[in-house]
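Participant: Here is my input, please return the structure:
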Amino acid sequence: MLQAEVFSAHLKTSFTNHYNILRQVGEGTYGLVFEAETIKILPPGGVAGSQPSNGRRVAVKCFKIAEANSRDPSGMSAKAMRESFEKERAILARSEHPHIVKMYECFEERHSLWVVLELCRGGELYEYIAAAAQQRRAEGGAFEETEARTYFRQMLYAVAFLHKARIVHRDIKTENFLLLGNPGTPEGSVIKLCDFGTAVQLSPQMPRAMGRIGTLSYTAPEIYARRGADTCADIWSLGVVLYVLLVGASPFRITGTETRAETSQRILAGNYDKLRTGWQKCSEKAKDFVSKLLVVEEAKRLDIRKALQHVWLVHSAVSTPVVLLDEQRNFSPLLDKELSLQHLATCVQPLLQLLTSFARLDPLQHLFLVVYAQVSPDIDLISSGLRLPWYDLFFALDMDSDGRLGLEELATGLQKLLEMSSKPTSYEIDIAETVQRLDLDENGYVDWVEWAAMALASSPTLASEPEPLRTVFRMLDRPSGDGIITAVDLLAVLNDSGGLTPAQALQEEAKTLVQKWSSKGSQ
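Facilitator: I've put the predicted structure just below:
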C-alpha cells in the first residue's frame with residue numbers, strides 16, 4: 001500500500017509550494033541534484049513578527065522535461081524522461097535499507113519532475129578518497145585497510161539488498177556513495193548508495209539489462225562485450241571501488257591519458273594495475289579479495305553472498321571468542337569490529353517490551369509511524385540518543401545480511417539474545433506471535449523502515465518539530481491533495497480536533513502517541 005499509494009508522485013501540488021532550492025550539489029544520470037529547504041512557517045498561533053520554524057534540509061533531483069514533441073539538451077524525449085523518472089521512483093520506493101539513500105516524496109509537474117531525497121551532508125565518498133590519496137601521495141594509497149573495510153562492508157550490505165530483489169544498479173562507483181554526515185562525526189562513517197537512474201529490475205522475461213550504460217572505469221567487461229548486465233556486473237564495479245579505496249587511483253587508467261578504447265581493452269582483458277605503490281602495500285588478503293571481484297568470466301566472479309564472507313572482510317582486531325547468532329559472523333557496519341552480542345543481549349528485554357507495545361498499536365497508528373520513519377533521515381537513528389542501539393540490533397538480527405529481517409530469522413535471533421541475557425525475565429512473551437504482528441505490510445519481513453518506525457516511536461522528539469510532520473500529512477493527503485484531509489479521519493484517533501488545522505491535529509496525535517508508547521515501554 002505504501003509503495004503503490006503514499007509514495008506515488010504528488011499531482012495536485014507543486015514542489016515550489018513546499019521547498020526552496022538553495023544550491024546545486026551534483027548531477028545524476030538524468031537530472032541535476034540540489035540542496036533544498038522546506039519553506040519556513042510560523043508556529044501554531046503565531047503572529048506577524050514571530051520566529052518561523054526552522055526549515056528541513058533535503059536533497060532533490062530535478063528532471064526537466066521538454067515539450068511533448070521535442071527533446072531536452074540530453075537528447076531524451078519528454079516521454080523517455082518521464083519513464084526514467086518513474087523507473088527511478090519505483091525502485092527507490094522499494095529500496096528500504098540503511099545504506100541506500102531514502103526517498104521522501106515526489107512531485108510531477110508539466111515541465112519538471114522532482115524526487116525529494118535524504119540529504120547526505122558529507123558529500124561524495126570520491127572527494128574524501130581524493131583528499132586521502134593527496135595526503136598520502138608520497139607513500140601511496142588512500143585509506144588504511146581498517147577504514148576501507150568499514151566503508152566497503154556497508155557497500156556490500158546495500159548491494160546485497162538490491163541483488164536479493166534482482167535489482168542491478170549498473171553504475172556503482174565512488175561518486176555514487178555519499179557520506180551521511182561530515183567526516184569525523186559519528187554519522188560521517190555512514191555511507192549511502194544513490195543515483196538509481198540506471199538501475200533495472202531483472203525478471204525471467206528480462207534476465208539481463210542490455211545497453212552500454214555506466215561509467216567507463218567501473219563498467220564490467222560483459223557490458224563492453226555487448227552481453228548486457230546482470231547482478232555480476234555490480235560485483236565487478238565493487239571490485240573497482242575497493243581498489244580505489246585502497247590505492248586511491250583507477251585500476252584500469254594507468255596514465256590518465258588513455259583513450260576510451262584503450263581503457264575498455266584493459267577492462268575486457270581484466271588487466272588492472274598491480275605496480276602502483278599503494279597496491280604493493282596492500283595486504284595479501286586485500287589483494288586476493290580484489291582479484292576475486294575483478295574476474296572477467298562472470299561464472300568465476302564472487303557473488304554478493306560469497307563476497308560478504310571473504311576473509312579480508314571478516315578480519316577483526318577482536319581476538320576474544322565471540323558468541324554468534326548464526327554461523328555467519330555479525331559485524332557493525334560502522335566499526336571494523338564484530339558486534340558485541342553479549343552487550344546487545346542486555347538490551348533484549350526492553351527491546352521486546354517496546355516491540356510488544358508497538359505490535360499492539362492499531363493499523364492507522366502503524367501507518368502514521370511508518371510514513372514518519374520513511375520521511376525521517378537515518379541520522380536520527382544514529383545520533384539522536386535513543387536508549388536502545390536499534391541500528392546495531394538490526395544488523396545483528398539480520399543473520400543472512402539481506403537487509404531485512406525474515407520473521408523466523410527475527411524470532412530466532414530475539415530468542416537467542418534472550419537466552420544470552422543474564423537477567424531473568426519477569427514476564428512471559430510469545431516472541432513468534434509478536435514478530436508476526438510486526439510485519440506491517442504482510443510481506444514476510446520486517447524491513448528497515450518498519451524497524452525505524454519502532455525506534456522513532458520511542459523517541460520523545462517525535463512530535464517536537466513541524467517537520468517532518470508536515471511532510472507526513474502531505475503524504476497521507478492522497479489521493480485528493482486538497483489539504484483538508486484530517487488526521488482525525490485518517491488516523492482514527494482524534495474524535496474532536498478542537499478547531500485545530502489538519503497539520504496541528506497531526507502534531508497533537510503524534511504527541512499523544514509518544515506518551516502512550518513511552519508509558520507502555522516503561523512498564
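Participant: Pull the number of nearby residues for residue 415.
Facilitator: 15 (other Cβ atoms under 10 Å). (Each C-beta comes from the backbone N, C-alpha and C, glycine too.)
Participant: which SSE is it in?
Facilitator: Counting by DSSP states H and E, the element that carries residue 415 is helix 407-420.
Participant: For that helix, which helices and strands make contact with it?
Facilitator: helix 341-345, helix 348-359, helix 390-397, helix 431-438, strand 445-446 (3 or more Cβ pairs under 8 Å, 6 or more residues apart in numbering; DSSP states H and E).
Participant: Alpha carbons only: can I get that helix in PDB?
Facilitator: Extracted C-alpha coordinates of helix 407-420, given in PDB (Å, rounded to 0.1, in the frame of the first residue of the first chain):
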ATOM      1  CA  LEU A 407      10.000 -13.400  10.600                       C
ATOM      2  CA  GLU A 408      11.600 -16.700  11.600                       C
ATOM      3  CA  GLU A 409      15.100 -15.100  11.500                       C
ATOM      4  CA  LEU A 410      13.900 -12.300  13.800                       C
ATOM      5  CA  ALA A 411      12.200 -14.600  16.200                       C
ATOM      6  CA  THR A 412      15.200 -16.900  16.400                       C
ATOM      7  CA  GLY A 413      17.600 -14.000  16.900                       C
ATOM      8  CA  LEU A 414      15.500 -12.500  19.600                       C
ATOM      9  CA  GLN A 415      15.100 -15.800  21.400                       C
ATOM     10  CA  LYS A 416      18.900 -16.400  21.300                       C
ATOM     11  CA  LEU A 417      19.600 -12.900  22.600                       C
ATOM     12  CA  LEU A 418      17.100 -13.500  25.400                       C
ATOM     13  CA  GLU A 419      18.800 -16.800  26.300                       C
ATOM     14  CA  MET A 420      22.100 -14.900  26.400                       C
END
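Participant: That one to helix 390-397, inter-axis angle?
Facilitator: Angle between the axes of helix 407-420 and helix 390-397 is 100 degrees (criterion: axes from the mean of the first three to the mean of the last three Cα atoms, to 10 degrees).
Participant: who touches helix 407-420?
Facilitator: 323, 325, 341-342, 344-345, 348-349, 351-352, 396-400, 405, 425, 431-432, 435-436, 438-439, 444-446 (Cβ atoms under 8 Å, 6 or more residues apart in numbering).
Participant: ok, now with 7 Å
Facilitator: 323, 325, 341-342, 344-345, 348, 352, 397, 399-400, 431-432, 435-436, 439, 444, 446 (Cβ atoms under 7 Å, 6 or more residues apart in numbering).
Participant: which of these are buried?
Facilitator: 325, 341, 344, 345, 348, 352, 397, 399, 431, 435, 439, 446 (16 or more other Cβ atoms under 10 Å).
Participant: neighbours around residue 457, how many?
Facilitator: Counted with other Cβ under 10 Å, the neighbours of residue 457 add up to 26.
Participant: how many neighbours does residue 227 have?
Facilitator: There are 14 residues near residue 227, going by other Cβ under 10 Å.
Participant: swap in the one 10 residues further on?
Facilitator: Under the neighbour criterion other Cβ under 10 Å, residue 237 is assigned a count of 28.
Participant: Please apply the same query to residue 179.
Facilitator: Neighbour count for residue 179, taken as other Cβ under 10 Å: 22.
Participant: what's the answer for residue 208, then?
Facilitator: By other Cβ under 10 Å, neighbour count at residue 208 equals 16.
Participant: Is it in contact with residue 231, as I believe?
Facilitator: No: Residue 208 lies out of contact with residue 231 (Cβ atoms under 7 Å); the separation is 9.9 Å.
Participant: quick one: which of the buried ones among the contacts of helix 407-420 is nearest residue 104?
Facilitator: residue 446 (21.3 Å; Cβ to Cβ).
Participant: What distance do you get for that closest one to residue 203?
Facilitator: 25 Å (Cβ to Cβ, to the nearest Å).
Participant: got it, and residue 114?
Facilitator: Taken as Cβ to Cβ, the span from residue 114 to residue 203 is 28 Å.
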